[in-house]
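# Predicted structure and sequence below. I'll ask about it afterward.
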Amino acid sequence: MSAVLPFLVLLLVVAVAAYHRWSLAVFTAVAGAGLVLVGLTGVAPVATIVAGSLLAVVALPLLITPIRQNLITAPLLKFYTKILPPLSETEKTALEAGTVGFEGELFSGAPKWADLLAQPKPTLTAEEQAFLDGPVEEVCKMTNDWETTHVHADLEPQVWDYLKKNKFFGMIIPKEYGGLGFSALAHHKVIQKLASISATLSSTVGVPNSLGPAELLLHYGTEDQKRHYLPRLADGREIPCFALTGPTAGSDATSLPDFGIVCEGDWNGAKVLGVKLTFDKRYITLAPVATVIGLAFRLYDPNKLLGDDADRGITLALIPRETPGLSVGRRHFPLNCTFMNGPLHGKEMFLPLSQLIGGEEYIGHGWRMLVECLSVGRAITLPSTSSGAAKLAAAATGAYSRIRKQFGLSIGRFEGVEEALARIAGNTYAAAALSQATAAAVDRGEKPAVPSAIAKYHATEMAREVGKDAMDVHGGKGVILGPSNYLGRGWQAAPISITVEGANIMTRSLMIFGQGAIRCHPWVLKEMQAATHPDPAVRLREFDTNLFGHIGFAISNAVRSLWMGMTFAAFGSAPGDDYTKRFYRRLNRYSANLALVADTSMLTLGGKLKFKEKLSGRLGDVLSQLYIASAMLKRYEDEGRPASEQPLLAWAFHDSVFKIENALSGALRNYPIRPVGWLLWLLVFPFGRRAQAPSDRLGRRAAALLMSPSDARDRLVSGVFLTPCENNPAGRVNAALAKVILAEPVERKFMKAVKGGEIAALDYAAQLAEAVQKGLITGEERAQLEELRRLTWDAISVDDFDHEDLVAASLYRGAKSGDTRRAA
Ligand SMILES: Cc1cc2nc3c(=O)[nH]c(=O)nc-3n(C[C@H](O)[C@H](O)[C@H](O)COP(=O)(O)OP(=O)(O)OC[C@H]3O[C@@H](n4cnc5c(N)ncnc54)[C@H](O)[C@@H]3O)c2cc1C
């Protein structure tokens, strides 16, 4: 038995060193010292010598740099260069654009939580807050989504004017160019609030502030272009759109067939060098009303007027609407949402080179320009739209579930409805934390390529899930469209958010992990760069450093995965309070799991990994859920660790880790190389899967939170338009909640008297009169019940229409919709 002692000591030091990521020198010193101590006890001299020799044989060649580099690294470098998957130009551009923030820590297997928690709490300036309380509130009051979508098929003219006058289209344009110069956080909050009243409104404001002419000009425009266009875009004299997509180039936008030929042509009466453009674009938001069109096309110079290259690559231009040869104005009809969207065509239309974004200098750099700017807009427009829609649905559905009664009970009291409410509450909490986190990353100066893809995909999916549950809870009230319906149009519009700015299936299965694995990994990108360094000496030296860093990292993640799997991540230092410490520990475990599986996949599958979309989709889910859970924990800290928010945090956290284990288990069970999958399973789930979906008890607490006013509920739904005015039925339902709850005891007393036969009248008004007369309720209580009745009818009413009002042609002829509301 004593003969195994030295080996046990060695193994223990290996495990501790790997877990804590000691350097090889420290490991060798500690292991050596341990073996010397064992030797001094004299229990197993031969075994100690064997263990010591083993340590020397393995560690010494690795510690002596020339031996390591020439005997080990050099052959490995040769092999690596052979198997390194070739990166296309598009992939290279995508990898080089953007920065790495906390998502890099999540890929490290041992996240530095202090870095996350040290990030400043996102806050608005007084000016931004005033804009939200003033013009944003005002335009929400002015917008009637039913009139917009059903009657005018457009925002009303006064809304357009108000948006332009108050510079809603210039939020991202700096003040020096006449814009509002808002932070990303303010931009996020504005879109979130607008989305809660009308998807048409938020899309109309979202697009000019996202990837398009303004953003591109700010980064790449010539000074003349900036001075001319930016002030005009800021105050709405120019309405922009950006046209990339065409019939044959959708997700694969780089395959665009639209082209421009360099030639001479007439421009403002003079002969100038320019481009003759032919293009066919579709789905372009704001195109029907755009006055300046950003266009992506491939530039050819067959006569070599600009240089030696005939194919100059993807290039971006700005086309004034009045340019001859441009055909614009017809509309698409995206799922009953009536923001402006339509096709664009151009046939041999001439533009001078001065209309190319950035001028001649940026010819051929169009794809890089788009990818570099994409993450900023993508981090805000759709995540904020989604969190706004989810918050509104949560507020209205919580209130509705309390107000609407069936079988003598508020429907929210039934367990089936409670389940849906819990999902609404948890998903809204997660979507809000996620969308705020990506906006905050932009304000820290990041170009969050991977987080913006995570936020785009998950916030839109969560909003769709919330929309589905909210529709189900509302029953017929959600289905019947009309001015009283605050859910139906949003539900119809959900697939639009799913499709635009990178369709969700592709975003999940190709982009999140595909980019995350290489970009966020602490060693892979450095290894790839080192392996292609032109100087052989530098190549060997840098590859050596990164390779051995990577090997140590991989061993550490295997040990950490196994240890934390065996101990259920119950130990180890973690930040947070008594409630959240265990959450951080669990995320440490899954971070190590992700790093281990990602590394193994890159090693065993190499270039084939990018075609294994099911595997990369699942690993993307792990990374995403780690990111979402971190964003929620950060929010909890920023809010001052409010105990009242714990049910929401816990529900959403358990949902996240349940999804993480689902994704890991799916990845390993279906691993393309079966024995590798089995081995990984042992390291990741040594005692099997343990994470459970949020419990029913937790669900009950989360659901209850939606059905009563509280500070936690207010924070959950804060930042959306809940003013109870004529055009905002959801705001009215939400505002009714407190009054309905106050009246509940009186209602119970009254109903008991009715059911007990103490009141003979059948009609409600007569019943109330009789109850007062018999002294069963007071006059004041009667007024309270009348108010309750009015609020309830307002909440449950739906609309009906004359046949003519639903016939599109009759609307076209100018028929009026009139007052369409009827009592249910
Ligand atoms: C309402 C609306 C507004 C829009 N606004 C604009 C705009 O202003 N400007 C603009 O240029 N474009 C705009 N678009 C276009 C939008 O970005 C595209 O619709 C989107 O890129 C998807 O292209 P597609 O519709 O041709 O779908 P396809 O590319 O045909 O994709 C179909 C499906 O295949 C999946 N898929 C494709 N490739 C892969 C892959 N490699 N791996 C896994 N799945 C894959 C997609 O995820 C999707 O589910 C808009 C679209 C809509 C509907």
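Nice, thanks for sending it over. Numbers count the residues shown, from 1 in each chain.
# CA atoms for contacts and neighbours, from now on please.
Noted.
# At the contact with the ligand, which residues of the stretch 201-350 of the chain appear?
By CA under 6 Å from any ligand atom, the residues of the stretch 201-350 of the chain that approach the ligand are 242-245, 250-251, 283-285, 334.
# Read off the pLDDT value for residue 222.
Looking at residue 222, its pLDDT reads 97.
# just checking, residue 382 touches residue 461?
No. If you go by CA atoms under 8 Å, residue 382 and residue 461 don't touch, sitting 10.7 Å apart.
# Of those two, which one has the most company?
The neighbour comparison of residue 382 against residue 461 (other CA atoms under 10 Å) goes to residue 382, with 31 against 21.
# For the more buried one, give me its contacts.
By CA atoms under 8 Å, 6 or more residues apart in numbering, the contact set of residue 382 is 456, 459-460, 497.
# Closest to residue 216 out of the residues of the stretch 201-350 of the chain next to the ligand?
Nearest to residue 216 among those, counting by CA to CA, is residue 242 at 10.2 Å.
# Now for that closest one, how many residues are close by?
Here the number of neighbours of residue 242 (other CA under 10 Å) works out to 25.
# List the residues that contact it.
211-213, 284-285, 287, 293-295.
# Which parts of the stretch 651-800 of the chain are strands?
Secondary structure of the stretch 651-800 of the chain, counting by DSSP state E, counting those that start in this stretch: strands at 798-799.
# try the stretch 251-400 of the chain
Counting by DSSP E, counting those that start in this stretch, the strands of the stretch 251-400 of the chain are 259-267, 270-285, 292-300, 311-320, 326-328, 341-352.
# so how many other residues sit close to residue 57?
When neighbours are defined as other CA under 10 Å, residue 57 has 11 of them.
# quick check, it in a helix?
Yes. Assessed by DSSP: H, G, I helix; E, B strand; the rest coil, residue 57 belongs to a helix.
# for the strands of the stretch 251-400 of the chain, which one ends up most surrounded?
Greatest average neighbour count among those goes to strand 292-300 (a mean of 24), per mean count of other CA atoms under 10 Å.
# Please provide the alpha-carbon coordinates for that one, formatted as CSV.
This file holds the C-alpha atoms of strand 292-300, laid out as CSV (Å, rounded to 0.1, in the frame of the first residue of the first chain):
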residue,chain,number,x,y,z
VAL,A,292,-31.1,58.5,-49.2
ILE,A,293,-30.4,54.8,-49.9
GLY,A,294,-27.3,53.0,-48.6
LEU,A,295,-26.5,50.3,-51.1
ALA,A,296,-24.1,47.3,-51.0
PHE,A,297,-22.9,46.0,-54.3
ARG,A,298,-19.9,44.5,-55.9
LEU,A,299,-17.7,47.0,-57.9
TYR,A,300,-16.0,46.0,-61.1
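# Get me the contact residues on the stretch 501-650 of the chain for the ligand.
Proximity of the stretch 501-650 of the chain to the ligand, by CA under 6 Å from any ligand atom, involves residues 501-506, 509-510.
# 5 Å - rerun?
501, 503, 505-506 (CA under 5 Å from any ligand atom).
# ok so, going back, the ligand: which of the contacts of residue 382 is nearest?
residue 497 (7.9 Å; CA to the nearest ligand atom).
# list the buried ones in the longest helix along the chain?
Within the chain, and with DSSP state H defining each element, the longest helix by residue count is helix 536-566. For helix 536-566, burial by neighbour count (16 or more other CA atoms under 10 Å) applies to 539-548, 550, 552-566.
# now that helix, how far from the centre of its chain.
In terms of CA atoms, centre = their mean, to the nearest Å, the centre of helix 536-566 is set 31 Å apart from its chain centre.
# what stretches of the stretch 701-824 of the chain score poorly on pLDDT?
Scanning the stretch 701-824 of the chain for pLDDT under 70 picks out 809-824.
# In it, what residue comes closest to the ligand?
Using CA to the nearest ligand atom, the single residue of the stretch 701-824 of the chain nearest to the ligand is residue 808, 20.8 Å away.
# and that residue, how many neighbours does it have?
Number of residues near residue 808 (other CA under 10 Å) recorded here: 13.
# i'd like the first residue to be 42 from this point on
From this message on, residue numbering opens at 42, which makes the last subject residue 849.
# Extract the residue ranges of this protein that are flagged as low pLDDT.
Segments of the chain classed as low confidence (criterion: pLDDT under 70) are 42, 126, 850-865.
# quick one: the residue nearest in space to the middle of it from residue 669, how far?
Residue closest to the average C-alpha location in the chain (CA atoms, centre = their mean): residue 496, at 1.1 Å. The gap separating residue 496 from residue 669 is 8 Å, by CA to CA, to the nearest Å.
# Please enumerate the shared neighbours of these two.
Listed as contacting both residue 496 and residue 669 by CA under 8 Å, 6+ apart are residue 475.
# Quick check, residue 467 in contact with residue 690.
Yes. Contact criterion CA under 8 Å: residue 467 and residue 690 qualify, at 7.4 Å.
# out of these two, which sits in the busier spot?
The residue with more neighbours, out of residue 467 and residue 690, is residue 467; 28 against 23, by other CA under 10 Å.
# and the residue nearest to the more buried one when sequence neighbours are not counted, how many neighbours?
The shortest distance from residue 467 to any non-neighbouring residue, by CA to CA, 6 or more residues apart in numbering, is to residue 693 (4.8 Å). By the measure other CA under 10 Å, the count of residues near residue 693 is 28.
# ok, which stretches of the stretch 592-741 of the chain are helices?
Remark: helices assigned in the stretch 592-741 of the chain by DSSP state H, counting those that start in this stretch are 622-646, 654-679, 687-710, 715-725, 737-747.
# Correction: the previous question concerned the stretch 42-191 of the chain.
Using DSSP H, counting those that start in this stretch, the helices of the stretch 42-191 of the chain run over residues 46-61, 65-82, 86-104, 106-108, 115-124, 130-137, 143-147, 154-159, 167-172, 178-183, 186-187.
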